[in-house]
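1. pasted the sequence and its predicted model underneath.
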Amino acid sequence: MVKVLVVEDEDTTRLMLERRLTWAGYRVRVADSADDALAAVGGAFTPDVVVTDMFMPGGSGLSLVTALRADPGCAELPVIFLSGRALPGDVSAGRSLGATYLAKPCALADLAQAIDAAAGATTDELEDVVRRRLGDVAGVEEEAERAFTARLLRTFVAAAPAGLAALERAAATADAAGVEAAAHRLAGGAGTLGADALAAACRSLEERGREGDVADVAAAVGTVAEQLARTCEVFAGLAEELEEDVLVVEDPAPVA
């Protein structure tokens, strides 16, 4: 699990980043100033990536990175700047220190991609991709948003057996229009919720149905069935996690 230190002085933004990155599968520690960040890095927590605001009272993100680069143990630590008001000179200065720059507001998927690139990690796992897609599409911060997101996942899982059965029936009878319609329905929900491999397999079948090329689609339907089973397993697990309200942080641990 990639460890991320988030440095942000504004409380709402800091909490939002902590929750979304935790939801996306990272181990997250937060700091509200450059000094607290340096204390965290010098303590028991060793981050793989630092995500920091560029301008903070009591010490800028640039001063934080300069201090990190001066420490042999942190000289190569990847840093990502998040800022909504950085001037070109500030961005240039950050990049000269080897940092990446992203503008606020930043989509969870874009931030996750930057973190993974900096840490040398991959985001190919279905659960990780789904978490990040849902973090942008449905939201995972407020109770109502979590409940709605869980309902979306449960709705897909509940409808999946009927959708697959319709696809299998159409394929067995070489019903091109039926294959197209059933694959289209499965692809839509899968793509929206982040199951991109399942969506791609369904769209391929949808295209074959549209073209009337359904004489031998058994193998393709079998692939959809396998991916659908895995997707439903992941969706059900994430729905349960959301319903348990595991993202509520009542007493955040101190940084130092």
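-> Happy to help now that I have it.
2. going by C-alpha atoms from here, please, whenever you check contacts or count neighbours.
-> Noted.
3. buried residues in whatever helix or strand residue 236 lives in?
-> For residue 236, the element it lies in under DSSP states H and E is helix 218-243. For helix 218-243, burial by neighbour count (16 or more other C-alpha atoms under 10 Å) applies to 221, 224-225, 227-228, 231-232, 234-239, 242-243.
4. need the residues that contact stretch 196-213.
-> 175-184, 186-191, 214, 217, 220-221, 223-224, 227-228, 231 (C-alpha atoms under 8 Å, 6 or more residues apart in numbering).
5. show me where the stretch 1-150 of the chain has its strands.
-> With DSSP state E, counting those that start in this stretch, the ranges of strands along the stretch 1-150 of the chain come out as 3-7, 27-31, 49-53, 79-83, 100-103.
6. can you say which of these is nearest to residue 120?
-> Residue 120 sits nearest to strand 49-53 of all these, at 10.2 Å, using C-alpha to C-alpha.
7. pull the CA atoms of that closest one into CSV?
-> Extracted in CSV, the C-alpha atoms of strand 49-53 (Å, rounded to 0.1, in the frame of the first residue of the first chain):
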residue,chain,number,x,y,z
VAL,A,49,4.8,10.4,-1.7
VAL,A,50,4.1,13.9,-0.3
VAL,A,51,1.1,15.8,-1.5
THR,A,52,1.3,19.4,-0.4
ASP,A,53,-0.3,22.8,-0.8
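8. mean confidence score for it?
-> For strand 49-53, the mean pLDDT works out to 92.
9. now do it against strand 27-31, angle only.
-> 40 degrees (axes from the mean of the first three to the mean of the last three C-alpha atoms, to 10 degrees).
10. sheet-wise, list the partners of strand 49-53 with their directions.
-> Looking at strand 49-53 with DSSP bridges, its partner strands are strand 3-7 (parallel), strand 79-83 (parallel).
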